[in-house]
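Student: requesting a structural model of the entry that follows:
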Amino acid sequence: MLERAGIPAVSLCTDAFRITAEAMANQLGFPGYQYVALPHPIASRTEKEIDELARDALPEIIRVLGAGLTIRPQN
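Tutor: Just a heads-up that it's a prediction; the model follows:
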């Protein structure tokens, strides 16, 4: 919804859900939508491990947010 409003956004999912993320993006009219995949699983990780994952993913999150400035839905 943010992307449709022209507001850059980034979705995070674990690598186990890449196919689902791509299918949802296609279904919603955003083929090629960029998202950030994190290592699966998340739920069993400690707070310290999640902090490390977030820190490691930050450059990619920033890159995708910047790319989002040019993404527009296909109708």
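
Student: helix or strand: which one has the spatially closest residue to residue 16 that is not a sequence neighbour?
Tutor: Using Cβ to Cβ, 6 or more residues apart in numbering and skipping residues adjacent in sequence, the residue nearest residue 16 is residue 40, 3.9 Å away. All C-beta spots, glycine's among them, are computed from the backbone N, C-alpha and C. Counting by DSSP states H and E, there is no helix or strand that carries residue 40.

Student: wait, residue 40 sits on residue 15?
Tutor: Yes: between residue 40 and residue 15 there is a contact under Cβ atoms under 8 Å: 5.3 Å.

Student: now what about the longest helix seen in the chain, what contacts it?
Tutor: Taking DSSP state H as the criterion, the chain has its longest helix at helix 47-67. Contacts to helix 47-67, defined as Cβ atoms under 8 Å, 6 or more residues apart in numbering, come from residues 8-10, 12, 34-36, 38-39, 42, 45.

Student: which members of those residues occur in strands, if any?
Tutor: Under the assignment DSSP state E, the contacts of helix 47-67 contribute 12, 36, 38 to strands.

Student: can you count the residues close to the second one?
Tutor: Read it as residue 36. Number of residues near residue 36 (other Cβ atoms under 10 Å) recorded here: 18.

Student: relative to residue 16, how far out is it?
Tutor: Residue 36 sits 14 Å away from residue 16, going by Cβ to Cβ, to the nearest Å.

Student: that'll do, ta.
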